[in-house]
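K.L.:
Following is a predicted model, sequence given first.
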Amino acid sequence: MKKNIAIVMGGYSSEVEISLKSGNVVFDELDHSFYQIYKVLILKDKWVWLDKDENEHPVDRADFSLINGKERITIDCVFNAIHGHPGENGVLLAYFELLKMPHTSSPFYQMAVTFNKRDTLSFLKPYGIRMANSVYLNKGDIYWQDQILRTLGLPCFVKPNKSGSSFGVTKVKHEDDLEAAIQFAFKEDDEILIESFLDGIEVSVGVIEWKGEIKVLPITEIVSQNEFFDFEAKYLGKSDEITPARLSLLQQKNIERVSHKIYKTLNLKGLSRADFIIVEDTPYFIELNMVPGLTRESILPKQAKEANISLTELFGNCIEMALKN
């Protein structure tokens, strides 16, 4: 009998539309002859599942069963395609774990930690992971711009602490622009992170649990046409994403080693994508994405293709690992 798989998509954050695109690609690429697959929209105002005609039906939040008239569909495993809150920050995963529902992401604690940029940096720093100098601010904090600039210099990056897809991020090149960047980031989150600029090669690398082993995928070099790898560069074609990256053998080995170490140290599961800046031959960790984009144009699927892993194999492996774990 086929396993019933729910692909959850949507979410409560600015990344709703990106999540819907990712979720629909997962639905199209999973093996429908092997799984019975359902699209589930988790939105601020409703939780519903869609039938083959895209008609909406209710989801029972008590047990995450899908209501179909007088019948109920029991879900065997959830494929998490929600970027941001509540799919990527651990909230939804805690709910599934209370229900003892297998899901394709890391456990809720790891998801909560990795979604919080400053918590991730604080967790990894004692393990020798190199990273930019940074300053943290909470909304309402008293701060002095000159002190921040003395610590970090210019240019610097101001970003929301808990956000994805570069929403709310600014590269600050002039002292007079810092305050506006801080307020812009606070519109997205009540905690922000200000980091020193690293001048080097920007790369992104997928690390996945593949057939029970940690697998580092081919590295992607990011060459943005904009000031940095912002929303336009990520989703509107304003960047060149070169896979495999044009790196020396030493740079490649260093990235692979550190990426594997981060995944193992944090005890991650499922799909992940880590971003780095390489300064000379040293990788500096920027952040983790634990629900990376899964469209055909997204970085991790392209890396999987380079590793001779089809999307059907990639997504199917996520489900099989979740059921096994």
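P.N.:
Thanks, I have the structure now. Numbering: from 1, shown residues only.
K.L.:
Can you tell me which helix or strand of the chain has the lowest average pLDDT?
P.N.:
Least confident helix or strand of the chain, by mean pLDDT, DSSP states H and E, is helix 231-235 with a mean of 47.
K.L.:
following that one, which helix or strand shows up next?
P.N.:
strand 239-242 (DSSP states H and E).
K.L.:
What is the distance between that next one and the centre of its chain?
P.N.:
When distances are taken as C-alpha atoms, centre = their mean, to the nearest Å, strand 239-242 is centred 18 Å away from the chain's centroid.
K.L.:
any idea of the mean pLDDT in it?
P.N.:
The average pLDDT within strand 239-242 is 88.
K.L.:
by contact count, what packs against the very next helix or strand once past it?
P.N.:
Downstream of strand 239-242, the first helix or strand assigned by DSSP H and E is helix 249-265. Applying 3 or more C-beta pairs under 8 Å, 6 or more residues apart in numbering; DSSP states H and E, one finds that helix 249-265 contacts strand 201-210, strand 213-216, strand 271-279, strand 282-289. To be clear about C-beta, it is placed using only N, CA and C from the backbone, and glycine gets the same treatment.
K.L.:
For the residue most central in space within the chain, name its beta-bridge partners.
P.N.:
Geometric centre of the chain, nearest residue: residue 289, 2.6 Å, by C-alpha atoms, centre = their mean. Beta-bridge partners recorded for residue 289 (DSSP bridges): residue 273.
K.L.:
That one and residue 318, how far apart?
P.N.:
Separation of residue 289 from residue 318 (C-beta to C-beta, to the nearest Å): 15 Å.
K.L.:
ditto for residue 253
P.N.:
Noted for residue 253: a distance of 27 Å to residue 318, by C-beta to C-beta.
K.L.:
Neighbour count for these two, which is higher?
P.N.:
Higher neighbour count among residue 253 and residue 318: residue 318, with 25 against 12, using other C-beta atoms under 10 Å.
K.L.:
number of nearby residues for the closest residue to the more buried one other than its chain neighbours?
P.N.:
Leaving out its chain neighbours, the residue that sits closest to residue 318 by C-beta to C-beta, 6 or more residues apart in numbering is residue 104, at 4.2 Å. Residue 104 has 28 neighbours, counted by other C-beta under 10 Å.
K.L.:
now the one 5 residues further on
P.N.:
The local packing count at residue 109 equals 14, with neighbours defined by other C-beta under 10 Å.
K.L.:
before we move on, what about residue 178?
P.N.:
For residue 178, the count of nearby residues is 22 (other C-beta under 10 Å).
K.L.:
which residues touch it?
P.N.:
Residues near residue 178 by C-beta atoms under 8 Å, 6 or more residues apart in numbering: 145, 148, 149, 156, 158, 172.
K.L.:
What residues are bridge-paired with the fifth one?
P.N.:
What that stands for is residue 158. Per DSSP bridges, the residues bridged to residue 158 are residue 170, residue 194.
K.L.:
Make 13 the starting number, not 1.
P.N.:
All right, first residue 13 from here; so that's residue 170.
K.L.:
now it: how far from residue 310?
P.N.:
Applying C-beta to C-beta, the value for residue 170 to residue 310 is 25 Å.
K.L.:
looking at the helices and strands packed on helix 261-277, which is closest to residue 315?
P.N.:
Nearest of the helices and strands packed on helix 261-277 to residue 315, taken as C-beta to C-beta: strand 213-222 at 4.7 Å.
K.L.:
Show the secondary-structure elements that the closest one is packed against.
P.N.:
strand 225-228, strand 232-236, helix 261-277, strand 283-291, helix 311-318, helix 323-336.
K.L.:
For the longest one, list the C-alpha coordinates in CSV.
P.N.:
Okay, so that is helix 261-277. What follows is helix 261-277, C-alpha atoms only, in CSV (Å, rounded to 0.1, in the frame of the first residue of the first chain):
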residue,chain,number,x,y,z
LEU,A,261,41.5,22.2,-4.9
LEU,A,262,42.5,23.6,-1.5
GLN,A,263,39.5,26.0,-1.3
GLN,A,264,37.2,23.1,-2.4
LYS,A,265,38.5,20.8,0.3
ASN,A,266,38.3,23.4,3.0
ILE,A,267,34.7,24.2,2.1
GLU,A,268,33.7,20.5,2.0
ARG,A,269,35.4,19.9,5.3
VAL,A,270,33.7,22.8,7.1
SER,A,271,30.3,22.1,5.6
HIS,A,272,30.4,18.5,6.7
LYS,A,273,31.6,19.6,10.2
ILE,A,274,28.7,22.1,10.6
TYR,A,275,26.1,19.5,9.6
LYS,A,276,27.5,16.9,11.9
THR,A,277,28.2,19.3,14.8
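K.L.:
Give the buried residues for it.
P.N.:
Under the neighbour-count criterion of 16 or more other C-beta atoms under 10 Å, helix 261-277 has 263, 264, 266, 267, 268, 270, 271, 272, 273, 274, 275 buried.
K.L.:
Residues contacting that helix, please?
P.N.:
The contact list for helix 261-277, computed with C-beta under 8 Å, 6+ apart, reads 136, 139, 141, 213, 215, 217, 219, 226, 228, 231, 257, 259, 284, 286, 288, 290, 293-295, 297, 300.
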